[in-house]
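> Compute the structure for the input listed below.
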Amino acid sequence: MYVSHLSLHDFRSYRSVDVPLEAGVTAFVGRNGQGKTNLVEAIDYLSRLQSHRVATDAPLVRAGADQAVVRAAVVRDGRTATLEVEINAGRANKARINRSPLPRTRDLVGLVRTVVFSPEDLTLVKGDPSDRRRFLDDLMILRSPRLAGVRSDYDRVLKQRNSLLKTAGLARGSAREGALATLSVWDDHLATIGAEILAQRLALVEALKPYVGKAYETVARGATRDDAEITYKSSVVEPVETITPTVESLRELILAELARRQKDELDRGISLVGPHRDDLLLHISAGSERLPVKGYASHGESWSFALALRLAAYDLLRADGDDPILILDDVFAELDSQRRRQLAELVADAEQVLVTAAVPEDVPAVLAGARYQVSAGEVTRDE
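Numbers count the residues shown, from 1 in each chain. All right, here's what the predicted structure looks like:
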């Protein structure tokens with residue numbers, strides 16, 4: 001799979017730009033603020049309908065414009081399809097395949113798959129649990145796009161339930177009884193949808209584990225594949241080594257924990273149980289001890305673990321039978337020479353690699369390929 005042509009209209013800094021692409025390596029080189037990252041961000045947005053840089057769509061629309069359009073020709077198994085998303089500020093987005101509208105924008109998710117390496121990856125290690133949950137959910141949805149709808153449904157239920165908890169917590173008498181009766185309905189919704197997400201995450205972490213160890217051994221100096229470990233921390237179930245719980249058993253566990261924590265939830269007005277409270281725990285070996293990466297790992301070890309997570313995601317998607325598009329967004333400038341070379345060698349054989357760099361020297365020699373200069377919104381191919 002690779003993108004053979006990218007077209008942007010009123011996306012970020014670009015009023016209009018067309019960039020022909022090809023399989024293999026393509027590097028976009030230019031000083032910071034010239035628009036090189038906007039190009040690869042657009043391709044990643046087509047994959048996930050989310051930006052790896054900002055939390056909302058509003059910044060993606062060029063200042064003064066009402067909407068942005070991202071269009072890409074994607075080649076897969078020798079056939080080309082044109083994917084398009086229309087990003088509307090303050091209104092629902094629209095998606096098309098070969099100019100034909102899709103019933104739901106999220107039906108575009110997963111038709112092109114990307115893995116992005118960027119300086120922001122350190123948040124996977126040093127950031128909040130929400131960053132690691134997003135990592136898992138994005139990967140989960142790329143592997144099974146229907147789960148985009150499940151996650152959307154869960155977010156909707158969680159929002160409704162939190163609103164009801166605030167109301168019930170303040171109500172008295174018959175009003176409180178009515179609110180609690182309604183709360184039980186939303187408990188069931190949250191448990192049913194949350195159990196499916198939890199089951200998928202647990203299975204995903206088990207699938208990722210060997211890839212994380214292998215990747216860490218490759219990018220961390222003197223490490224073995226046993227030196228990096230990931231574990232899923234659930235608010236309702238303890239880590240399981242041999243048996244993955246069923247969706248129904250997880251649903252019952254969530255319901256039981258909701259009942260146990262109901263008073264706390266009413267007092268605080270928020271949902272304290274469910275996959276939105278979970279975390280992906282990261283550990284490294286220090287002698288005979290297992291220590292959390294966050295707070296104990298050096299800067300180099302933290303970078304190595306972040307790279308290992310991204311490489312593991314890439315390898316897992318590749319094992320599914322389709323090479324994802326690799327995006328290396330200003331990542332080489334953040335690495336020492338050894339890690340720079342190791343990462344480049346690991347990804348050089350991907351079907352398509354898109355690199356952004358401030359100066360040509362930041363692009364390792366093994367990633368030689370097509371090169372574009374990006375300056376003041378102009379994208380020019382080197383001859």
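
> Spatially nearest residue to residue 382, not counting backbone neighbours?
residue 371 (4.5 Å; Cβ to Cβ, 6 or more residues apart in numbering). For glycine as for every other residue, the C-beta is placed from the backbone atoms N, C-alpha and C.

> tally of neighbours for the one you found?
With neighbours defined by other Cβ atoms under 10 Å, the count for residue 371 comes to 18.

> Longest helix in this structure, by number of residues?
Assignment by DSSP state H gives helix 173-219 as the longest helix of the chain.

> Now do that one: which elements does it pack against?
Helices and strands touching helix 173-219, as assessed by 3 or more Cβ pairs under 8 Å, 6 or more residues apart in numbering; DSSP states H and E, comprise helix 129-143, helix 147-170, strand 228-233, helix 247-260, helix 299-319, helix 337-347.

> How much space separates the nearest residue in space to residue 256 that is not next to it in sequence from residue 165?
Leaving aside its sequence neighbours, residue 256 sits nearest to residue 236 (Cβ to Cβ, 6+ apart; 7.9 Å). Residue 236 sits 18 Å away from residue 165, taking Cβ to Cβ, to the nearest Å as the criterion.

> Okay, now the unreliable bits of the chain?
239-243 (pLDDT under 70).

> How about the secondary structure of the residue nearest to residue 256?
coil (DSSP: H, G, I helix; E, B strand; the rest coil).

> State the number of residues packed around it.
24.

> Now do the same contact list for it.
198, 250, 253, 254, 256, 257, 273, 274 (Cβ atoms under 8 Å, 6 or more residues apart in numbering).

> quick one: which of the residues you listed is nearest residue 330?
residue 198 (34.6 Å; Cβ to Cβ).

> I'd like to know how far that closest one sits from residue 274.
Applying Cβ to Cβ to residue 198 and residue 274 gives a distance of 8 Å.

> just residue 135 next, same as before
For residue 135 relative to residue 274 (Cβ to Cβ), the value is 18 Å.

> Which residue of those two possesses the greater neighbour count?
More crowded of residue 135 and residue 274, by other Cβ under 10 Å: residue 274, with 24 against 20.

> Got phi/psi on the more buried one?
When read as degrees, to the nearest 10, the backbone of residue 274 gives phi 130, psi 170.

> Let me know how buried the nearest residue to it once chain neighbours are set aside is, in neighbour terms.
Nearest residue to residue 274, sequence neighbours excluded (Cβ to Cβ, 6+ apart): residue 194, at 4.5 Å. The number of residues packed near residue 194 is 29, by other Cβ under 10 Å.

> Quick one: residues contacting residue 194.
Residue 194 neighbours (Cβ under 8 Å, 6+ apart): 154, 250, 251, 254, 274, 275.

> and with 7 Å instead?
Residue 194 makes contact with 154, 254, 274, 275, according to Cβ atoms under 7 Å, 6 or more residues apart in numbering.

> same question, residue 120
Per Cβ under 7 Å, 6+ apart, neighbours of residue 120: residue 52.

> any idea how far it is from residue 52?
7 Å.

> Same check on residue 255?
35 Å.

> Give me the contact list for stretch 198-217.
Everything outside stretch 198-217 that qualifies as a contact, by Cβ under 7 Å, 6+ apart, is 136, 139-140, 147, 223-228, 230, 232, 234, 244-245, 247, 250, 275, 280, 304-305, 308-309, 311-312, 315-316.
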